[in-house]
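[1] below are the sequence and a predicted model for it; my questions follow.
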Amino acid sequence: MIKVLFVCMGNICRSPTAQGTFEKVVKDAGLEKQIYIDSAGTHAYHIGEQPDPRTQIAAKKRGLDLSKQRARKVSLNDFDEFDYILPMDQYNYSALVINALDKHLNKIQLFMAYAPEMGFKDVPDPYYGGEKGFELVLDLTIAASKGLLEEIRREHRF
């Protein structure tokens, strides 16, 4: 089984959205038994909370239910457990790299690397913005989810 972890700061906006969009892409491909998906935050601000209500509303409009997700903080064990550790931006990438052993560094890559056609290096944090920011996060994570699945299929022959 391939294991994928999406990471943002508080695990209530971007990484839950990425988890939800990737779960849908994986399910649509019939690979939910081969790929395990989770999300976490680099900070412990919101442990145990559901995704931000604005995140859930935007996701629901696109047929995604994020209500079962609960925020958690990245643990040191995650570096061993997951095959892909995908931060949403450079800040969280740096926070992960600082805590990772050298043997884990190849697992950590910006999520948007899987959708270069979108022209974004980072998934911008919508927390302090308006509704359009949450819609943009969905657009970006959907595109990157498709690219990630293509990479996993190519790399692991699914």
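    Received it, and whenever you're ready, just let me know what you need.

[2] would you confirm that Leu110 contacts Asp89?
    Yes - contact criterion C-beta atoms under 8 Å: Leu110 and Asp89 qualify, at 7.3 Å. To be clear about C-beta, it is placed using only N, CA and C from the backbone, and glycine gets the same treatment.

[3] so which of those two has more stuff around it?
    Comparing Leu110 with Asp89 by neighbour count (other C-beta atoms under 10 Å), the higher total belongs to Asp89, at 21 against 18.

[4] per-residue confidence for Leu138?
    Leu138 carries a pLDDT score of 98 in this model.

[5] wouldn't it be in contact with Pro16 here?
    No - counting by C-beta under 8 Å, Leu138 does not reach Pro16; the two are 11.3 Å apart.

[6] overlap in contacts, Leu110 and Asp89.
    Common neighbours of Leu110 and Asp89, using C-beta atoms under 8 Å, 6 or more residues apart in numbering, are Asp122.

[7] could you look up the SS state of Ser39?
    Remark: Ser39 carries the secondary structure label strand [criterion: DSSP: H, G, I helix; E, B strand; the rest coil].

[8] so what's the residue count around it?
    Burial of Ser39, expressed as a neighbour count using other C-beta under 10 Å, amounts to 28.

[9] I'd say it and Lys68 touch.
    No - using C-beta under 8 Å, Ser39 and Lys68 do not qualify as a contacting pair, with a distance of 11.9 Å.

[10] rewinding a little: more neighbours: which of Leu138 and Pro16?
    Ranked by neighbour count (other C-beta under 10 Å), Leu138 and Pro16 place Pro16 first, with 30 against 21.

[11] spit out the contact partners of the more buried one.
    So, once contact is read as C-beta under 8 Å, 6+ apart, Pro16 ends up touching Phe6, Ser39, Pro51, Thr55, Leu66, Gln69, Ala71.

[12] the last one: what's it in contact with?
    Same thing as Ala71. Taking C-beta under 8 Å, 6+ apart as the contact definition, Ala71 lies against 10-12, 16, 40-41, 45-51.

[13] show me which helix runs longest in this structure.
    helix 131-156 (DSSP state H).

[14] report the buried residues of that one.
    Residues of helix 131-156 classed as buried: 133-134, 136-138, 140-149, 152 (neighbour count, 16 or more other C-beta atoms under 10 Å).

[15] any idea which helix or strand carries Tyr91?
    Using DSSP states H and E, Tyr91 falls within helix 90-99.

[16] what helices or strands is that helix leaning on?
    Packing partners of helix 90-99 (3 or more C-beta pairs under 8 Å, 6 or more residues apart in numbering; DSSP states H and E): strand 2-8, strand 84-87.
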